[in-house]
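Student: Give me a model of this one.
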Amino acid sequence: MSRFKRLVAALIYMQDAELAGSPNRPDMDRFVVQAVCATMYSILTTGVFLSGYLIYLEAPEWLVSYASMMPTIALIAIPLSAGWVEKKERRLRLTVAFDILQRLAFVLILAVPFLLERKLAVPVCCFLLTLSYSLNGIYGTVLNNIFLQVIPLKIRGRYLSARYIMLTIVNAVFPIIAGQVVDRFEGGYTGFLVIYSVAAAAGAVECYVNTRLTNPVFKTIKSKLKIRDIFAIPAKDKAFMAYVIPNILFYLFLYIGASFSYVFMLRYLNLSYTYINTLAMVSAVLQILVFYRFWGKVNDRVSPNFTMLLSMCLYVPEMLLWGFMTNKSVYFILPICYCISSVNASGFAIGNFNRRYELTPDEGWVLYDSFANALIALMFLISPFIANLLRKVALDGGIAGSWENGHIRFVYIVGATLLMLLQIYCYLALKRKSPDDPALKKESYKLAAAMLWKSVFGMK
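Tutor: This is a model prediction of the structure:
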């Protein structure tokens with residue numbers, strides 16, 4: 001092995017001999033590059049930068065509140081393609097085709113301000129974004145299917161941990177650089193032109209890497225699938241639905257408040273892109289150094305369900321803190337929120353991923369995954385609508401009239417309350433149906449606390 005390859009193995013695979021020497025190593029390396037490019041593309045084309053671009057186009061606040069969730073909302077369209085995808089024995093060409101199409105649709109939004117008046121620019125951009133993210137949802141689902149076929153189960157957990165750490169490094173550094181670019185151009189068109197050009201380059205590299213992946217043969221569903229089967233087959237699986245229903249309610253309640261996060265920070269708290277992304281970097285560093293490895297150990301030694309439920313509980317105090325944030329307290333409270341987010345986001349990513357796929361059968365994987373993603377997308381679509389209704393109630397009824405930015409803070413407090421009630425319900429339901437579940441055992445929490453201590457202080 002060359003010196004360069006040994007260095008890559010040390011950096012990416014943390015000197016794990018089984019990972020570094022795996023016969024699947026070429027595909028493992030390609031999936032790391034693909035994920036890094038996809039993360040760079042996602043950072044620049046979603047979240048705070050997409051919200052900023054829509055603000056530049058003078059989009060209304062209710063629409064900007066949807067911006068960070070558009071990629072997930074677009075997943076509603078995925079089940080319509082699931083039956084067709086399930087019939088394909090080889091899916092790599094399909095993956096590459098969807099990848100190219102979704103990038104082209106997104107790049108076109110840069111031309112919109114020059115071709116159309118402002119009042120038409122916003123709806124046309126939203127159409128192009130919806131098209132791009134719908135194609136991206138299909139692309140991501142099929143690519144994940146290839147990933148699960150190519151990466152062996154016995155090393156998948158450690159490989160995912162290494163891959164997540166690489167992605168978190170990108171999330172820690174890249175938004176800071178991009179934020180400085182946009183701030184330098186004072187949120188003007190030139191800044192967005194620069195970052196979206198970089199996003200296009202990252203997307204091109206990702207597309208090329210995808211063409212080099214192994215093209216596995218999949219088990220296909222032989223029977224003819226009707227549209228209702230796409231929903232009926234997963235819906236009849238009681239164990240899977242017992243996971244899905246609390247999961248989608250969690251997303252609904254969480255994003256009742258979180259849908260306004262970027263609007264709150266950019267428009268009402270007057271925070272710079274650089275400051276917001278600096279906090280995101282601190283959160284990412286904490287995930288890299290401590291929390292991804294901590295939650296990975298908890299997942300393996302206790303259970304995915306325990307990992308998922310415990311991390312979900314931690315969203316309640318974070319949401320409450322957002323509800324108490326003012327222009328004076330923001331520089332104290334917001335860093336705390338991002339630190340809490342580094343704990344719960346990493347835990348939920350690991351626990352939720354593993355919980356879903358331990359309940360999903362191998363045959364019909366695309367159906368189950370598409371079904372769950374579509375329901376989650378529906379919650380993302382509904383939650384800002386509910387949040388806007390709550391804002392209107394707060395404004396019209398004088399509920400939050402005496403608070404600074406009270407119409408938004410009220411929404412966060414309602415969201416936190418609903419999340420807390422959901423966690424109480426999940427605990428009681430689990431206690432009734434599965435009294436021996438690790439999530440109900442005091443020993444599980446003691447073990448998790450001990451592992452957290454070791455992760456933070458490095459004690460053995």
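Student: in the host helix or strand of Val298, what counts as buried?
Tutor: Here Val298, judged by DSSP states H and E, is contained in helix 292-301. For helix 292-301, burial by neighbour count (16 or more other Cβ atoms under 10 Å) applies to 292-299. Placement of C-beta: from N, CA and C, glycine included.
Student: Check stretch 358-368 too.
Tutor: 359-360, 364-368.
Student: That stretch: how far from the chain's middle?
Tutor: With Cα atoms, centre = their mean, to the nearest Å as the basis, stretch 358-368 stands 20 Å off its chain's centre.
Student: Tabulate the CA atom coordinates of it in PDB.
Tutor: Provided in PDB are the C-alpha atoms of stretch 358-368 (Å, rounded to 0.1, in the frame of the first residue of the first chain):
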ATOM      1  CA  GLU A 358     -33.800  -3.100  11.600                       C
ATOM      2  CA  LEU A 359     -37.600  -3.000  11.000                       C
ATOM      3  CA  THR A 360     -37.500  -2.900   7.200                       C
ATOM      4  CA  PRO A 361     -37.500  -6.200   5.100                       C
ATOM      5  CA  ASP A 362     -34.900  -6.600   2.400                       C
ATOM      6  CA  GLU A 363     -37.400  -7.200  -0.300                       C
ATOM      7  CA  GLY A 364     -39.400  -4.000  -0.900                       C
ATOM      8  CA  TRP A 365     -36.900  -1.800   0.800                       C
ATOM      9  CA  VAL A 366     -37.600   1.100  -1.600                       C
ATOM     10  CA  LEU A 367     -41.300   0.800  -0.900                       C
ATOM     11  CA  TYR A 368     -40.900   1.000   2.900                       C
END
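Student: what does it rub up against?
Tutor: 79, 82-83, 85-86, 141-142, 145, 148, 219, 221, 229-230, 233-234, 237, 239-240, 243, 304, 369 (Cβ atoms under 8 Å, 6 or more residues apart in numbering).
Student: Of these, which belong to helices?
Tutor: Mapping the contacts of stretch 358-368 onto helices (DSSP state H) picks out 79, 82-83, 85-86, 141-142, 145, 148, 229-230, 233-234, 239-240, 243, 304, 369.
Student: What about Ser402, how many residues nearby?
Tutor: Neighbourhood size, Ser402 [other Cβ atoms under 10 Å]: 7.
Student: For stretch 18-38, list the C-alpha coordinates in CSV.
Tutor: Taking C-alpha atoms only, stretch 18-38 is exported to CSV below (Å, rounded to 0.1, in the frame of the first residue of the first chain):
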residue,chain,number,x,y,z
GLU,A,18,-10.8,-4.5,8.6
LEU,A,19,-12.2,-1.3,7.0
ALA,A,20,-8.9,-0.3,5.3
GLY,A,21,-8.3,-3.9,4.0
SER,A,22,-11.9,-4.6,2.9
PRO,A,23,-12.3,-6.0,-0.6
ASN,A,24,-15.1,-3.4,-0.9
ARG,A,25,-12.6,-0.6,-0.3
PRO,A,26,-12.9,1.0,-3.8
ASP,A,27,-16.6,1.4,-3.4
MET,A,28,-16.1,2.6,0.2
ASP,A,29,-13.7,5.3,-0.9
ARG,A,30,-16.1,6.4,-3.7
PHE,A,31,-19.0,6.6,-1.3
VAL,A,32,-16.9,8.8,1.0
VAL,A,33,-16.1,11.2,-1.9
GLN,A,34,-19.7,11.1,-3.1
ALA,A,35,-21.0,12.0,0.4
VAL,A,36,-18.5,14.8,0.8
CYS,A,37,-19.5,16.3,-2.5
ALA,A,38,-23.2,15.8,-1.7
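Student: and that stretch, average pLDDT?
Tutor: The pLDDT scores in stretch 18-38 average 87.
Student: quick one: Phe218 and Leu92 touch, right?
Tutor: No. Assessed by Cβ atoms under 8 Å, Phe218 is found out of contact with Leu92, at 10.6 Å.
Student: May I see the buried residues of the helix or strand harbouring Cys207?
Tutor: For Cys207, the host element (DSSP H and E) is helix 189-211. By neighbour count on 16+ other Cβ under 10 Å, the buried set for helix 189-211 is 191-192, 194-196, 198-200, 202-203, 205-207, 209-210.
Student: quick one: low-confidence parts of the protein?
Tutor: 1-10, 14-16, 65-69, 153, 157, 222-223, 399-401, 458-460 (pLDDT under 70).
Student: The same query, at a cut-off of 50, please.
Tutor: For the chain, the stretches with pLDDT under 50 are 459-460.
Student: so what are the domain limits for it?
Tutor: 1-218, 227-460 (automatic domain parsing).
Student: Can you pick out the most distant pair from the buried residues of stretch 358-368?
Tutor: Using Cβ to Cβ, the buried residues of stretch 358-368 span at most 15.1 Å, a distance reached by Leu359 and Val366.
Student: picking up where we left off before, rebuild the buried residues of stretch 358-368 as TSV, extending it with distance to Leu428.
Tutor: Shown next, in TSV, are the buried residues of stretch 358-368 (distance: Cβ to Cβ, whole Å):
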residue	distance to Leu428
Leu359	21
Thr360	26
Gly364	32
Trp365	31
Val366	34
Leu367	31
Tyr368	27
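Student: Lys454: which of these is nearest?
Tutor: The closest of those, once distances to Lys454 are taken by Cβ to Cβ, is Leu359, at 29.8 Å.
Student: Mind exporting the C-alpha coordinates of stretch 93-103 to PDB?
Tutor: Provided in PDB are the C-alpha atoms of stretch 93-103 (Å, rounded to 0.1, in the frame of the first residue of the first chain):
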ATOM      1  CA  ARG A  93     -27.700   4.300 -14.600                       C
ATOM      2  CA  LEU A  94     -31.100   5.400 -13.200                       C
ATOM      3  CA  THR A  95     -29.300   6.900 -10.200                       C
ATOM      4  CA  VAL A  96     -26.900   8.900 -12.500                       C
ATOM      5  CA  ALA A  97     -29.700  10.100 -14.700                       C
ATOM      6  CA  PHE A  98     -31.700  11.500 -11.800                       C
ATOM      7  CA  ASP A  99     -28.500  13.100 -10.400                       C
ATOM      8  CA  ILE A 100     -27.800  15.000 -13.600                       C
ATOM      9  CA  LEU A 101     -31.400  16.200 -14.000                       C
ATOM     10  CA  GLN A 102     -31.800  17.500 -10.500                       C
ATOM     11  CA  ARG A 103     -28.600  19.500 -10.700                       C
END
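Student: who does the host helix or strand of Ile276 touch, helix- and strand-wise?
Tutor: Under the criterion of DSSP H and E, Ile276 resides in helix 273-286. The helices and strands touching helix 273-286, judged by 3 or more Cβ pairs under 8 Å, 6 or more residues apart in numbering; DSSP states H and E, are helix 47-56, helix 153-184, helix 330-358.
Student: Could you tell me which of the ones in helices among the contacts of stretch 358-368 count as buried?
Tutor: 79, 82-83, 85-86, 141-142, 145, 148, 229-230, 233-234, 240, 243, 304, 369.
Student: Could you give the separation of stretch 442-459 from the chain centroid?
Tutor: Going by Cα atoms, centre = their mean, where stretch 442-459 is centred and where its chain is centred differ by 26 Å.
Student: Contacts made by the helix holding Cys207 with the rest, please.
Tutor: By Cβ under 8 Å, 6+ apart, helix 189-211 touches 30, 33-34, 37-38, 40-41, 44-45, 49, 52-53, 56, 92, 95-96, 99-100, 103, 106-107, 109-110, 113, 143, 178, 181-185.
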